[in-house]
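**Student:** just to be clear, the model below is a prediction. Sequence and coordinates:
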Amino acid sequence: MSHTDQARPMIQVNDLHHVYLRGTPLETTALKGVTMQICEGESVGIIGRTGAGKSTIVQHLNGLIRPREPGKVIIDGQDMSDPSVNVKAIRQKVGLVFQHPEQQLFERLVGDDIAFGPKKLGMLREERRERVKWAMEMVGLDFERFKDRFTFSLSGGEMRKVAIAGVLALQPRVLILDESTTGVDPRGRKELLARIVELHRHHEVTLIFVSPNMEEVANMVDRIYVIDDGRTVMGGTTREIFDRPEELRQYGLGVPQVTTVAHRLRERGLPITRIPLTVAEAEEDLWKILSS
Amino acid sequence: MEDFEFLRNVTVGQYFPGDSIVHRIDPRTKITVLILLAMVNAFIISYTGNIVLLAVCTAYVLVSGISLRFILSGLKPALPLIIMYAIMQLLFFGEAYAPYGLETQIYFEWWIITISNGSIQLVIVTLMRFLEILFLVSLLTATTTTTDLAHGVEGMLRPFQRIGVPAHEVSLIGTIALRFVPIFAEQLEIIMKAQASRGADFGGGSVWQFIKTARQMVALIVPLFVDAFRRAEDLILAMEARCYVGGKGRTHIEAFHMTTADFLIIAGNLVFAVLMLTFRTSFRV
């Protein structure tokens, strides 16, 4: 927990409960007590099996769903249960990218679609252009080459990048990716994630990463919250969480494959002191063992 | 506060499991009753007639155990339109529309605006007729699964196959359309949330700002259509992959049998409809 102790809390969630379609015959309980705290500049993963409530949580984090008593969501010092909160400002601060974000594209030209957010913020033409250019660079789309392309003639991967750029164009201080990379080919996914890590490191964007892929989570984040059946059941650094594979299995989750391999090797007597989470770490450890 | 829960407002087309008599009767019976009462609804323009019909429809809803409040909540999204419609009827139909069973009385007249007892009757009766149809259609879809509904429609259309009515295809189209309503509502909710996440404001404005709302709709309608076409193509592929050919010689896992109760219900409603239609001019008001 490198900067948790000193850094300012950006997002605080306290005993959050949520019921969908409250008061109708289709009412379903999604959250039964979620508590988490995310500080400025952190990268945090939220994992849990399908239907655990991850999407419901992240929708609370930019005001799409408002907390109800006794739950509390405080974003950058603002209590989200206060009806007078400026949600638009919150949504600019906290950018949320959904699963299959390419489904939200609607403008004819790529540039116009990415400019949608900045335009809604009331920015002038030049400023918008700068924002669009910046956002396209961030996701790896060449501004001159792509800005006047037809949105719906792009490939799936390119559409996804455009959609993510559309959120980045707001220059949010917190970026939430809610399984936003599922369905992209492995290479495109790797590239996109590398760009997001860069955004997090160099532009100090707080990152909240929801993914069913444990390898990705291990690569991307410093800390993890585990959600099961609408409750926070585990929380800690990535290493702490992935050191408890038995417990994770109980919640229908696993650990990265290299971690499993390392655990098994240690059982067989190999002197592994630090359990690796990523391939790079495993490589490092192996070299150490081999050279000693 | 914004509310993105669209499913809350889509009451038509949603099925609620239950064990009431309305749930158990044959879908063909329900469709027949719906047609009969819709006919009554189309012809009755008096206050008394509509009060009777509305009472009958409400009674059916109560018997089914479906929450009346839930069905009524389906009115909410259509409310601005209904109110606008009512205002226009109230203001501009005063002269054109003679009140049913009453002497024309003009209460207010200025320029092209005329309010008479005729236009007031028109407004109230229109609203009641709207409610009756809403109750009946919501009740049919709330107590009948789409499969049952499709089989019901198909069964009723089968006699007309001889004269070229594509019974199976019609029922299939109907089923698909109904089945897609909640899916699109859900999809719309997702798109709306995604657009709101990048700065669009929906729901914040009042429902009365039509033009602003219409302009915002572009960001919703385009993605929704793209999604609809994609889903339609997926469905076509899935059907072709299973060599779907349609109705000829196809059997159903659940065969429907009309029971005595079904015939009694149809007979009762038929008598009611005939009486209402025969004596529709006898209601004084």
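**Tutor:** Thanks, I have the structure now.

**Student:** residues contacting residue 118?
**Tutor:** I went with chain A, as the question did not name one. Contact partners of A:Pro118, counting by C-beta atoms under 8 Å, 6 or more residues apart in numbering or on different chains, are A:127-128, A:131-132, A:169-170, B:199. No exception for glycine: its C-beta is placed from N, CA and C like everyone else's.

**Student:** my bad, the chain I had in mind was chain B
**Tutor:** With the criterion set at C-beta under 8 Å, 6+ apart, B:Gly118 makes contact with B:93-94, B:97-99, B:102, B:104.

**Student:** now with 10 Å, please.
**Tutor:** Residues in contact with B:Gly118, defined by C-beta atoms under 10 Å, 6 or more residues apart in numbering or on different chains, are B:89, B:93-100, B:102-106.

**Student:** next one: B:Ala98
**Tutor:** B:Ala98 is in contact with B:104, B:116-118, B:121, counting by C-beta under 10 Å, 6+ apart.

**Student:** tell me which of these fall in helices.
**Tutor:** Under the assignment DSSP state H, the contacts of B:Ala98 contribute B:117-118, B:121 to helices.

**Student:** turn those into TSV, columns for pLDDT.
**Tutor:** Written out in TSV, the entries for those read as follows (pLDDT from 0 to 100):
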residue	pLDDT
B:Asn117	86
B:Gly118	86
B:Gln121	89
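
**Student:** so which of these would you say is closest to chain A?
**Tutor:** B:Gln121 (34.6 Å; C-beta to the nearest C-beta).

**Student:** okay, A:Glu144: pLDDT?
**Tutor:** Reading off the confidence values, A:Glu144 has pLDDT 94.

**Student:** picking that back up, narrow the contacts of B:Gly118 to those in helices?
**Tutor:** Using DSSP H, the members of those that fall within helices are B:Gln89.

**Student:** and the contacts of B:Gly118, which are buried?
**Tutor:** In terms of neighbour count (16 or more other C-beta atoms under 10 Å in any protein chain shown), the buried residues within these are B:89, B:93-94, B:97, B:99-100.

**Student:** which of the residues you listed lies closest to chain A?
**Tutor:** Taking C-beta to the nearest C-beta as the measure, B:Gln89 is the one of the buried ones among the contacts of B:Gly118 closest to chain A, at 31.7 Å.

**Student:** residues from the stretch 51-200 of chain B in reach of chain A?
**Tutor:** If contact is defined as C-beta under 10 Å from any C-beta of the partner chain, the residues of the stretch 51-200 of chain B in contact with chain A are B:65-67, B:69-70, B:73, B:142, B:182, B:187, B:189-200.

**Student:** buried subset of those as a ChimeraX selection?
**Tutor:** The ChimeraX command for the buried members of those (criterion: 16+ other C-beta under 10 Å) is given here:
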select /B:65,66,67,70,73,142,182,187,189,190,191,192,193,194,195,196,197,198,199,200
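
**Student:** mind giving me the domain ranges of the chain?
**Tutor:** With no chain named, the answer covers chain A. Using automatic domain parsing, the domains assigned to chain A come out as A:9-255, A:256-292.

**Student:** ah, no, chain B please
**Tutor:** In the recorded assignment (automatic domain parsing), chain B comprises B:1-144+B:255-285, B:167-252.

**Student:** need the winner for burial among those domains.
**Tutor:** Burial among these, expressed as mean neighbours by mean count of other C-beta atoms under 10 Å in any protein chain shown, is greatest for domain B:1-144+B:255-285, which shows a mean of 16.

**Student:** three-state assignment of A:Met10?
**Tutor:** Using DSSP: H, G, I helix; E, B strand; the rest coil, the three-state assignment for A:Met10 comes out as strand.

**Student:** what's the burial count for the closest residue in space to it that isn't next to it in sequence?
**Tutor:** Distances taken as C-beta to C-beta, 6 or more residues apart in numbering or on different chains place A:Glu40 nearest to A:Met10, at 4.5 Å, with adjacent residues excluded. Residues lying near A:Glu40 (other C-beta atoms under 10 Å in any protein chain shown) number 16.

**Student:** quick one: stretch B:150-163 to chain centroid distance?
**Tutor:** Between the mean C-alpha point of stretch B:150-163 and the mean C-alpha point of its chain there is a distance of 21 Å (C-alpha atoms, centre = their mean, to the nearest Å).

**Student:** list the buried ones in it?
**Tutor:** Neighbour-count burial for stretch B:150-163, with 16+ other C-beta under 10 Å as criterion, is recorded at B:150-157.

**Student:** what lies in contact with that stretch?
**Tutor:** Outside of stretch B:150-163, the residues that reach it under the criterion C-beta under 10 Å, 6+ apart are B:26-32, B:35, B:140, B:144-145, B:165-176, B:178-179, B:247-248, B:250, B:252-256, B:258.

**Student:** mind doing that once more with 7 Å?
**Tutor:** Contacting residues not belonging to stretch B:150-163 are listed as B:27-28, B:31, B:165, B:167-168, B:170-172, B:174-175, B:247, B:252, B:256 [C-beta atoms under 7 Å, 6 or more residues apart in numbering or on different chains].

**Student:** again with stretch A:133-150
**Tutor:** Contact with stretch A:133-150 is made by A:108-111, A:114, A:132, A:161-162, A:164-165, A:168-169, A:191-192, A:195, A:199, as judged by C-beta under 7 Å, 6+ apart.

**Student:** make it 6 Å
**Tutor:** By C-beta atoms under 6 Å, 6 or more residues apart in numbering or on different chains, the residues outside stretch A:133-150 that reach it are A:109-111, A:114, A:161, A:164-165, A:168-169, A:195, A:199.

**Student:** so which of those residues is surrounded by the most neighbours?
**Tutor:** The member of the contacts of stretch A:133-150 surrounded by the most neighbours (other C-beta under 10 Å) is A:Ile114, with 35 neighbours in all.

**Student:** contacting residues for it?
**Tutor:** Contact analysis of A:Ile114 by C-beta under 6 Å, 6+ apart lists A:132, A:135, A:165-166, A:169.

**Student:** gap between it and B:Ala185?
**Tutor:** Taking C-beta to C-beta, to the nearest Å as the measure, A:Ile114 falls 28 Å from B:Ala185.

**Student:** strands along chain A, start to end?
**Tutor:** Across chain A, reading from the start of the chain, the strands by DSSP state E fall at A:9-20, A:28-39, A:43-47, A:72-75, A:78-79, A:94-97, A:174-178, A:206-210, A:223-228, A:231-237.

**Student:** thinking A:Gly33 is in contact with A:Arg231, fair?
**Tutor:** Yes. With the criterion set as C-beta atoms under 6 Å, A:Gly33 and A:Arg231 qualify as a contacting pair; they are 4.9 Å apart.

**Student:** between the two, who's got more neighbours?
**Tutor:** Comparing A:Gly33 with A:Arg231 by neighbour count (other C-beta under 10 Å), the higher total belongs to A:Arg231, at 18 against 14.
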